[in-house]
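# Structure, please.
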Amino acid sequence: MSLLTIADVASELNVSRPTVRTLIISGRLPAIALPTSGERRVFRVSRTSLDLFLQSYTVAKKDSEQ
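Okay, here's the model as predicted:
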């Protein structure tokens, strides 16, 4: 399983890192929360989750254009 950082996902989606965090926290983009001792949560997104997210976004966008 290939895991991507928030920065990796932001780069692929051409959005900011805070936008990716918002997508994750809102539940629209599934992610794995890594254990951390700090206040900020650390996430990783699987390649499969990102691909499914992109497919659903593309389908939703096409449906709204009709």
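
# Walking through the protein, point out its strands one by one.
Ranges of strands within the chain are 3-4, 32-34, 42-46, based on DSSP state E.

# Minimum distance to Leu23: which of these has it?
Nearest to Leu23, of all these, is strand 42-46, at 9.2 Å by CB to CB. From N, CA and C alone the C-beta is placed, and that goes for glycine too.

# Pull out the buried residues from the closest one.
Using 16 or more other CB atoms under 10 Å as the test for burial, strand 42-46 gives 43-45.

# Given that strand, what are its sheet partners and their directions?
Paired neighbours of strand 42-46 in the sheet (DSSP bridges): strand 3-4 (antiparallel), strand 32-34 (antiparallel).

# State whether Leu34 and Val42 are indeed in contact, as I suppose.
Yes: between Leu34 and Val42 there is a contact under CB atoms under 8 Å: 4.4 Å.

# can I get the buried residues of strand 42-46 in JSON lines with distance to Asp51 and pLDDT?
JSON lines is the format used below for the buried residues of strand 42-46 (distance: CB to CB, whole Å; pLDDT from 0 to 100):
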{"residue": "Phe43", "distance to Asp51": "17", "pLDDT": "96"}
{"residue": "Arg44", "distance to Asp51": "15", "pLDDT": "98"}
{"residue": "Val45", "distance to Asp51": "10", "pLDDT": "98"}
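
# what about the residue nearest the centre of the chain, distance to Ala7?
Centroid-nearest residue in the chain, with CA atoms, centre = their mean: Leu29, separated by 4.4 Å. Remark: distance between Leu29 and Ala7 (CB to CB, to the nearest Å) = 14 Å.

# What of Met1?
Applying CB to CB to Met1 and Ala7 gives a distance of 18 Å.

# repeat for Arg41
For Arg41, the distance to Ala7 - CB to CB - is 15 Å.

# neighbour count winner among those two?
Applying other CB atoms under 10 Å to Arg41 and Ala7 shows that Arg41 carries more neighbours, namely 13 against 10.

# Quick one: neighbours of the nearest residue to Ser16 once chain neighbours are set aside, just the number.
Nearest-residue entry for Ser16: Ala10, 6.0 Å, with adjacent residues in sequence omitted and distances by CB to CB, 6 or more residues apart in numbering. For Ala10, the neighbour count with other CB under 10 Å is 18.

# Thank you kindly, that will do.
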